[in-house]
Each structure stands twice: as C-alpha cells, then as structure tokens.
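K.L.:
need coordinates for the following:
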Amino acid sequence: MMISGVQVDPEKLTSKDSLMDFLRETGASGRALGRVRDCQQHKFGNELVWRYPISDGANLGTFIVPVKEGFLSLPFNIVSKEDYELLELDDATLLDEDSLQFFIDDWQSYSDDLLSAMTDMLHILRSK
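P.N.:
All right, here's what the predicted structure looks like:
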C-alpha cells in the first residue's frame, strides 16, 4: 500500500497490540513515539506517524500510526515539556472510514478558516 508516497508492506508494520504494549512499557508519551518514528524511518524511509493537532471534542489531539490492522488513533490531552504529549491509551482506537472522514473534513474546515483569517489579517496590515 502507498502512504505519503511511500510503498509500505503491511506485514512489516507492527501490530496494534505490540505497539500498545511498547507504549505502556515506555511511558505512553510523544517521547516514546519518537522511538517508533525512528524505527519506521529506518524500516520504510518515512516516520509514518502523524500528529493531528485538532481537538475532536473529546481529546486535545491524536497521533495516527499505521499498524497491521489498519490505522491507530492515539489521542492525547496533556502536553509536558519533558515527555511531550501524554497518550490516552485507554482511548486508542483503530480508525474506520467515518472517523477518518471526520478528521479530513475537520482539518479542511480548520485550514480554510485559518487561511482566510490570516489572509484578512495580511490585508489589514498592508492597508495601514
């Protein structure tokens, strides 16, 4: 399968349970995900870990990580200087089509609104 321009053999991905066990053992944080990123970079030439920094109404944001079973959402609600995002492993879930479409639509809406506001700000500053 192709993800972000990278050919990925799903069989070379870690399983959801293995990833969850690793995260439980290493602190369930953005810092621990750094080790996952390094492994993915070495194995696939791409980190294959995406930070989705927009709240879904229940969590501050989430990470999306491909696993053998699909795409795992690892939400976070707290960010610390030492460990970065603190993952809510009890809320981790495999994304289905509807949840991924929600993320896509929400990102597009957020991006469009922010770009519009920043463009207006630029026009205001240029007109002064």
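K.L.:
only C-alpha atoms from now on, for both contacts and neighbour counts.
P.N.:
OK.
K.L.:
which residues are contacting the longest strand seen in the chain?
P.N.:
In the chain, taking DSSP state E as the definition, the longest strand is strand 70-80. Here strand 70-80 makes contact (C-alpha atoms under 8 Å, 6 or more residues apart in numbering) with 16, 59-66, 85-89, 91-95.
K.L.:
neighbouring strands - and their directions - for that strand?
P.N.:
The strands beside strand 70-80 in its sheet (DSSP bridges) come out as strand 61-67 (antiparallel), strand 84-87 (antiparallel), strand 93-94 (antiparallel).
K.L.:
separation between the residue nearest to Ala92 when sequence neighbours are not counted and Asn46?
P.N.:
Once flanking residues are discounted, Ala92 sits nearest to Leu74: 4.8 Å by C-alpha to C-alpha, 6 or more residues apart in numbering. If you measure Leu74 against Asn46 using C-alpha to C-alpha, to the nearest Å, the figure is 19 Å.
K.L.:
can you list the strands paired with strand 70-80 in CSV and add distance to Val8, mean neighbour count and mean pLDDT?
P.N.:
Output for those, formatted as CSV (distance: least, C-alpha to C-alpha, whole Å; neighbours: other C-alpha atoms under 10 Å; pLDDT from 0 to 100):
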stretch, distance to Val8, mean neighbour count, mean pLDDT
strand 61-67, 10, 21, 98
strand 84-87, 25, 21, 97
strand 93-94, 18, 16, 98
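K.L.:
and of the ones you listed, who's closest to Glu25?
P.N.:
strand 84-87 (12.6 Å; C-alpha to C-alpha).
K.L.:
now do the buried residues in the helix or strand hosting Phe102.
P.N.:
Element membership for Phe102 (DSSP states H and E) is helix 97-127. Neighbour counts using 16 or more other C-alpha atoms under 10 Å place Phe103 of helix 97-127 among the buried residues.
K.L.:
let me know the average pLDDT across that helix.
P.N.:
Averaged over helix 97-127, pLDDT sits at 97.
K.L.:
what's the angle from that helix to strand 61-67?
P.N.:
In this structure, helix 97-127 runs at an angle of 130 degrees to strand 61-67, with axes from the mean of the first three to the mean of the last three C-alpha atoms, to 10 degrees as the basis.
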